[in-house]
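J.: here is my input, please return the structure:
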Amino acid sequence: MAESNALPIVLLAEQFARLPGIGMKTAQRLAYHVTSMSESDVNDFAEALVNVKKKVRLCSVCQNMTDREVCPLCSDTRRNKNIICVVEGPKDVTAIERTGEYNGLYHVLHGLISPIDGITPDKLRIKELVARLQADPEISEVIMATNPTVEGDATAMYISRLIKPAGIKVTRLAFGLPVGGVLEYADEITLFRAIENRNEI
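T.: Numbers count the residues shown, from 1 in each chain. From the prediction side, this is the model:
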């Protein structure tokens, strides 16, 4: 930003620009918008940012983000406890929940296996998944809902090899998701068809 701008605006814009998908022009517009907000609105905004870091934790069961020890989905007695849908991140849980068609539980890996990027299986929440399966003999199916990418496929195959010897059915989302696509951006119908037509791997 130009030197004519007040330093606090410059610094705020630089912070906004660190967010994914926010370029410097958008960051500048956001910074200037903050100057037009009331002090109470700015304080609420700042408090919300701080609370996200202070209060959000991982669910002790599924590893999804929550502000409780056990998230609302894992606590819901109406859900099918026999099926676990394994996803890369919390945004994928939201995407699948939007379909309104899946009634099982989830497990969030918080990433995908990618040796090139230094992401090995031990850096994901795979051991927590294995522990869940060992602790609950009622679980009969694991749906691998990782993205249809090289990393997503590698992660699905790795987890499948780990848990299939235990006699648990492992399925993979089927047609409807394009190769290289991302769950977060898929529409509800596409995701519903992918869930309904999953295949065993």
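
J.: strands of this structure, start to end?
T.: 57-58, 65-66, 83-87, 105-108, 141-144, 169-172, 199-200 (DSSP state E).

J.: just the ones you listed: most buried one?
T.: Among the strands of the chain, strand 105-108 has the highest mean neighbour count (mean count of other C-beta atoms under 10 Å), at a mean of 24. Where C-beta positions appear, they are placed from N, C-alpha and C, glycine not excepted.

J.: can you list the strands that that one pairs with?
T.: strand 83-87 (parallel) (DSSP bridges).

J.: adjacent strands (with direction) for the worst-scoring helix or strand of the chain on mean pLDDT?
T.: The helix or strand of the chain with the lowest confidence, counting by mean pLDDT, DSSP states H and E, is strand 199-200 at a mean of 72. Here strand 199-200 is paired, per DSSP bridges, with strand 169-172 (antiparallel).

J.: quick one: contacts of the partner strand?
T.: Surrounding strand 169-172, the residues in contact under the criterion C-beta atoms under 8 Å, 6 or more residues apart in numbering are 140-144, 156, 159-160, 163-164, 198-201.

J.: would you mind writing the CA trace of the lengthiest helix in the chain as CSV?
T.: Secondary structure assigned by DSSP state H gives helix 39-55 as the longest helix of the chain. Backbone C-alpha positions of helix 39-55 (Å, rounded to 0.1, in the frame of the first residue of the first chain) are rendered in CSV as follows:
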residue,chain,number,x,y,z
GLU,A,39,-16.3,0.6,17.7
SER,A,40,-18.6,-2.0,19.1
ASP,A,41,-18.8,-3.8,15.8
VAL,A,42,-15.0,-3.8,15.5
ASN,A,43,-14.8,-5.2,19.1
ASP,A,44,-17.3,-7.9,18.3
PHE,A,45,-15.3,-8.8,15.1
ALA,A,46,-12.1,-8.9,17.1
GLU,A,47,-13.7,-11.0,19.9
ALA,A,48,-15.0,-13.5,17.3
LEU,A,49,-11.5,-13.9,15.9
VAL,A,50,-10.0,-14.5,19.4
ASN,A,51,-12.8,-16.9,20.4
VAL,A,52,-12.2,-19.1,17.3
LYS,A,53,-8.7,-19.7,18.5
LYS,A,54,-9.5,-19.9,22.2
LYS,A,55,-12.7,-22.0,22.2
